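Engineer: quick check, what structure comes out for this input:
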Amino acid sequence: MQNDQLLLGIDLGGTAIKAVLTNPKGEVLDETSTPTHDIPGQDNSKVWKASIKKLIEDFQLKYNDTIICTGISSPGTVQANNRGVLSNGTKLLGIEGFVWKDYIGQDIYVLNDAHAALFAESRLGAGRGYQDILMMTLGTGVGGGIMINGELLQGQKGRAGHIGHISVEQDPLQGIVNTPGSLENAVGQGSLERRSYGRFKDTKTLVDAHLAGDTFATWVWLNSVQALARGMVSFINVLSPAVIIIGGGIAKAEEHLMKPLHDFLDIYEWRPADFKTPIRMAELGNHAGAVGAALFALEKRTKSQA
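Structural biologist: Here you go, the predicted model:
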């Protein structure tokens, strides 16, 4: 192994902080993790900031200072210069406006976690070989990212690619960014208990009940998939992506998601010249955020030196 091109990616999550050492090919060479110890609604940032600093220092010591760049995958919208998080709500209090470079003492590039996953998938996974990509991450909420001509679209104030915050229903309930009838509220697991009138709290239980013949569960599930299809065709019509990548916990439903989704898309999707937008499952799993952050940091470093 050549030690002159090592990259470090940190995935900052609400539960755990994952660190991955990789090379420019995205091969994972070493990894570790530590609890975040975030306390929602309280500023416990001294703890997880110190944890990240120690992870970086430990890797630098272990690999004799041969790590050429470090990237952090983080929730929230990021600053235009990718030096820190601009906005992030009530979790990880103390992260907004925090400049990692000043704290760590070296260049650190920050990327939204869903954008980091897209970046990794575009280079190494389901999006490899494509230039125009839409990624949708389906979990507690609905996130994602957009790549156009091989470039990650971050937009003004880092808001681009927040897939879940489009309006797909007449539901007057507003989402976390005030969108009425948002895709996130129609699909995300975080709203499932409300949508199912208290009967289901997680997607797996819902899908299992649907497969067992529970007509109420089928109604709730297919309503969610139909909303996903409506959102998806809206993005197809605006962006015309070459491929759509689906990731996140809800994607584990696999064919029970994809079969009805394709059925709805057969009705809704505009297909000039019979082009049917391919939909692929994300391939990189839990490593995607950290690896994407590392590869993004390498690209930013390379461009700054050009």
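Engineer: quick one: low-confidence ranges for the stretch 201-306 of the chain?
Structural biologist: Applying pLDDT under 70 to the stretch 201-306 of the chain flags residues 306.
Engineer: just the strands from it, written as ranges.
Structural biologist: Applying DSSP state E, counting those that start in this stretch to the stretch 201-306 of the chain gives strands spanning 243-247, 279-281.
Engineer: any idea which residue sits dead centre in this structure?
Structural biologist: residue 114 (1.9 Å; CA atoms, centre = their mean).
Engineer: and residue 230, what is it in contact with?
Structural biologist: 168, 264, 268 (CB atoms under 8 Å, 6 or more residues apart in numbering). From N, CA and C alone the C-beta is placed, and that goes for glycine too.
Engineer: looking at this protein, which residue ends up farthest from its center?
Structural biologist: The chain, farthest from centre, CA atoms, centre = their mean: residue 213 at 32.5 Å.
Engineer: what does that one show for phi and psi?
Structural biologist: Backbone geometry at residue 213, expressed as degrees, to the nearest 10, gives phi 100, psi 10.
Engineer: list the buried residues in the longest helix along the chain.
Structural biologist: What stands out as the longest helix in the chain, according to DSSP state H, is helix 215-239. Applying a neighbour-count criterion of 16 or more other CB atoms under 10 Å, one finds 217-218, 220-221, 224-233, 235-236, 239 buried in helix 215-239.
Engineer: what strand or helix carries the residue nearest to the centre of the chain?
Structural biologist: Assignment of secondary structure by DSSP states H and E places residue 114 within helix 113-124.
Engineer: what is that helix packed up against?
Structural biologist: Contacts defined by 3 or more CB pairs under 8 Å, 6 or more residues apart in numbering; DSSP states H and E place helix 113-124 against strand 6-12, strand 67-74, strand 133-138, strand 142-148, strand 151-152, strand 243-247, helix 288-305.
Engineer: pLDDT (mean, whole number) over the fifth one?
Structural biologist: Think strand 151-152. Throughout strand 151-152, pLDDT has a mean value of 94.
Engineer: quick one: neighbours of the closest residue to residue 20 other than its chain neighbours, just the number.
Structural biologist: Nearest non-adjacent residue to residue 20, counting by CB to CB, 6 or more residues apart in numbering: residue 290, 3.9 Å away. Residue 290: 32 surrounding residues under other CB atoms under 10 Å.
Engineer: hmm, residue 18 and residue 290 touching each other?
Structural biologist: Yes: Residue 290 is within contact range of residue 18, at 5.3 Å (criterion: CB atoms under 8 Å).
Engineer: now for these two: what residues contact both?
Structural biologist: 10, 11, 31.
Engineer: what is the burial count for residue 264?
Structural biologist: Neighbour number of residue 264 under other CB under 10 Å is 18.
Engineer: then the one 5 residues further on?
Structural biologist: The local packing count at residue 269 equals 16, with neighbours defined by other CB under 10 Å.
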